[in-house]
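Peer 1: Next come a sequence and a model predicted from it.
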Amino acid sequence: RKEVEQDPGPFNVPEGATVAFNCTYSNSASQSFFWYRQDCRKEPKLLMSVYSSGNEDGRFTAQLNRASQYISLLIRDSKLSDSATYLCVAPYGNNRLAFGKGNQVVVIP
Amino acid sequence: EPEVTQTPSHQVTQMGQEVILRCVPISNHLYFYWYRQILGQKVEFLVSFYNNEISEKSEIFDDQFSVERPDGSNFTLKIRSTKLEDSAMYFCASSEDRGGGQPQHFGDGTRLSIL
């Protein structure tokens, strides 16, 4: 099983709609997770940290299911500026991050 | 907001040459990292560095690669005898502390093109 798996999409979302996607991870010992946002050919930028069952920040909600080893991200009221790739990230080993391939979101006017 | 800064933004080098990529981590951070992203692929871990020594490295980080913190602010990645497959975006990152609970903050990357 890969360290972090994501369905790359793309996820075409009408402006104002809600989109959600999951990622799965293999390391059951991981205690915290992260969602990063990456725009085309740019650096990953931290969107949210997920330490317990979930976290909410404005229109973004992340949830963690330890039993099934998956993390989800939900974006409400999608904006055109939300178009990006969302990277699911889990810590492994000493202190390295393992990245998924990302979920590409395209918000359509 | 403090940032990780990287130079140069783009480096073009002939195959077989050596390159040095530079990073200035966030000033109060103690842990430093290099990652790379080949075009169209996922971000891959290369190496982590703490207290002037490597704390973890991936299979990618072989003898061709080295890291150094030559002074109190810079953190460098040296790639010797570059190959075509070294072409990628190289990201430096830093974190306040180690451990899975600490997010890492990324610089805006150096695009390395090997000809």
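Peer 2: Great, that's in hand. Residues are numbered from 1 along each chain as shown, chains lettered A, B, ... in the order given.
Peer 1: other SSEs contacting the helix or strand of chain A with the lowest mean pLDDT?
Peer 2: Sorting the helices and strands of chain A by mean pLDDT, DSSP states H and E puts strand A:54-57 at the bottom, at a mean of 90. On a contact count with 3 or more C-beta pairs under 8 Å, 6 or more residues apart in numbering or on different chains; DSSP states H and E, strand A:54-57 meets strand A:45-50, strand A:60-65. All C-beta spots, glycine's among them, are computed from the backbone N, C-alpha and C.
Peer 1: contacting residues around the first one?
Peer 2: Judged by C-beta atoms under 8 Å, 6 or more residues apart in numbering or on different chains, the contacts made with strand A:45-50 from elsewhere in the structure are A:32-38, A:55, A:57, A:60, A:62-64, A:71, A:73, A:86, B:101, B:103, B:105-106.
Peer 1: Next, the buried residues of that strand.
Peer 2: When neighbours are counted by 16 or more other C-beta atoms under 10 Å in any protein chain shown, the buried residues of strand A:45-50 are found to be A:47-50.
Peer 1: so A:F33 touches A:Y70, yeah?
Peer 2: No - counting by C-beta atoms under 8 Å, A:Y70 is not a contact partner of A:F33; they are 9.9 Å apart.
Peer 1: Of these two, give the one with the bigger neighbour count.
Peer 2: It is A:F33, of A:F33 and A:Y70, that has more neighbours when counted by other C-beta atoms under 10 Å in any protein chain shown, with 24 against 16.
Peer 1: what does the model give the nearest residue to the more buried one once chain neighbours are set aside for pLDDT?
Peer 2: The shortest distance from A:F33 to any residue that is not its chain neighbour, by C-beta to C-beta, 6 or more residues apart in numbering or on different chains, is 4.5 Å, and that residue is A:V50. A:V50 carries a pLDDT score of 91 in this model.
Peer 1: swap in B:P2?
Peer 2: Reported pLDDT at B:P2 in the predicted model: 75.
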